[in-house]
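Student: Provided below are the primary sequence and the corresponding predicted coordinates.
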Amino acid sequence: APSPPIAPSSAPATTPTSRRPAAPASSGPGTAPAFASLDDLHAAVFGPGQLRLVNHWATWCSGCVDELPLLVALHEAVGSDVEFLGVSWEGFEGGLLGQDVLDEVQASSTIHGLPWPSLLIEAPPPEFFDRFDLDCQTIPQVWLVDAEGTVLHRIEQALEPSDVEDLKARIAAALQPAGK
């Protein structure tokens with residue numbers, strides 16, 4: 001079922017406007033970006049497992065980059081209980097291809113200290129939007145997905161500190177055993 005509309009914030013979702021230069025790439029264990037087919041991406045986001053936070057982002061999205069420190073802080077607070085996953089829309093804009101796209105995402109992940117991996121969408125945007133039933137086709141977006149693959153909450157704008165506190169409360173509630 002679609003999530004209820006979310007009130008706009010002072011930091012709206014963005015579309016690409018400019019590119020930042022790439023920094024030298026380096027990778028940490030388990031954090032190297034990788035291309036993913038729609039099937040693999042769908043399984044990673046919605047497949048059974050544990051509670052996960054899915055960050056839809058790209059290096060060319062200023063709102064996405066601006067919210068990364070909040071997401072890193074949230075990961076430090078709840079990362080032992082919640083799987084974090086980046087879904088990179090990097091290939092939708094910017095003109096980079098193949099290894100250059102991976103290097104760009106890795107460089108940004110390293111610069112911002114992201115301890116989670118990002119999967120890069122291989123499919124064209126319309127196919128991705130259709131497969132994931134996306135009404136909101138802008139980034140940033142953050143989804144909280146339960147262990148059965150149900151989206152519990154969507155934030156379809158740049159995160160604010162109050163959103164992080166709300167996410168912490170929602171995560172705590174989702175981690176409670178049923179009936180508690």
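Tutor: Here it is on my side, so go on.

Student: from here on, contacts and neighbour counts on C-alpha atoms
Tutor: Noted.

Student: next one: phi and psi at residue 82?
Tutor: With angles defined as degrees, to the nearest 10, residue 82 shows backbone torsions of phi -130, psi 130.

Student: now do the helices in this protein.
Tutor: 38-46, 62-78, 98-111, 125-131, 161-175 (DSSP state H).

Student: how about the first one: buried residues?
Tutor: Okay, so that is helix 38-46. By 16 or more other C-alpha atoms under 10 Å, the buried positions in helix 38-46 come out as 38, 41, 44-46.

Student: one more: stretch 111-120?
Tutor: 114-120.

Student: spatially, which two of those are the most separated?
Tutor: Of all pairs drawn from the buried residues of stretch 111-120, the widest gap by C-alpha to C-alpha lies between 115 and 120 and measures 16.1 Å.

Student: tell me the one of the buried residues of stretch 111-120 nearest residue 91?
Tutor: For the buried residues of stretch 111-120, the nearest to residue 91 is residue 120 (7.4 Å; C-alpha to C-alpha).

Student: show me what the closest one is bridged to.
Tutor: Beta-bridge partners for residue 120, by DSSP bridges, are residue 35, residue 88.

Student: ok, now which ones touch it?
Tutor: Applying C-alpha atoms under 8 Å, 6 or more residues apart in numbering to residue 120 gives the contacts 33-36, 87-91, 102.

Student: just the residues you listed: which has the poorest pLDDT?
Tutor: When these are sorted by pLDDT, the bottom entry is residue 91 at 86.

Student: what about the nearest residue to residue 83 once chain neighbours are set aside, how many neighbours?
Tutor: Distances taken as C-alpha to C-alpha, 6 or more residues apart in numbering put residue 52 closest to residue 83, at 4.4 Å, once the chain neighbours are dropped. When neighbours are defined as other C-alpha atoms under 10 Å, residue 52 has 23 of them.

Student: and for the one 4 residues further on?
Tutor: Number of residues near residue 56 (other C-alpha under 10 Å) recorded here: 22.
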